[in-house]
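Student: fold the following and give me the result.
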Amino acid sequence: MDLLEVESTEEEVRHVIKSCAGNKAPGSDGFNLNFFKKYWGIVKHEVMHFFGEFHQNANLVSSLN
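Tutor: Numbering: from 1, shown residues only. As a prediction, this is how the structure comes out:
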């Protein structure tokens, strides 16, 4: 149960993104997982900021699919 309270590491998030099929339907922003796989070096800071905000506030943006 304590693991649910631990913030995700960059390695964990990257591993999950890389292990998912990348050609699934795009999200509300139009980007599928292939985009995140290819440009992880560029977008990782924003993705990790998103996860950090969620971990701290337990709140998702209402427009998130």
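Student: roughly how far apart are the residue nearest to the spatial centre of the chain and A25?
Tutor: Using Cα atoms, centre = their mean, the residue of the chain that lies closest to the mean C-alpha position is V47, 5.1 Å off. Between V47 and A25 the computed distance is 19 Å (Cβ to Cβ, to the nearest Å). Heads up, the C-betas are built off the backbone N, CA and C, glycines and all.
Student: helices of the protein, residue ranges please.
Tutor: With DSSP state H as the criterion, the chain has helices at 10-19, 33-38, 40-57.
Student: from these, which stretch is densest packed?
Tutor: helix 33-38 (a mean of 16; mean count of other Cβ atoms under 10 Å).
Student: so which elements touch that one?
Tutor: Judged by 3 or more Cβ pairs under 8 Å, 6 or more residues apart in numbering; DSSP states H and E, the packing partners of helix 33-38 are helix 10-19, helix 40-57.
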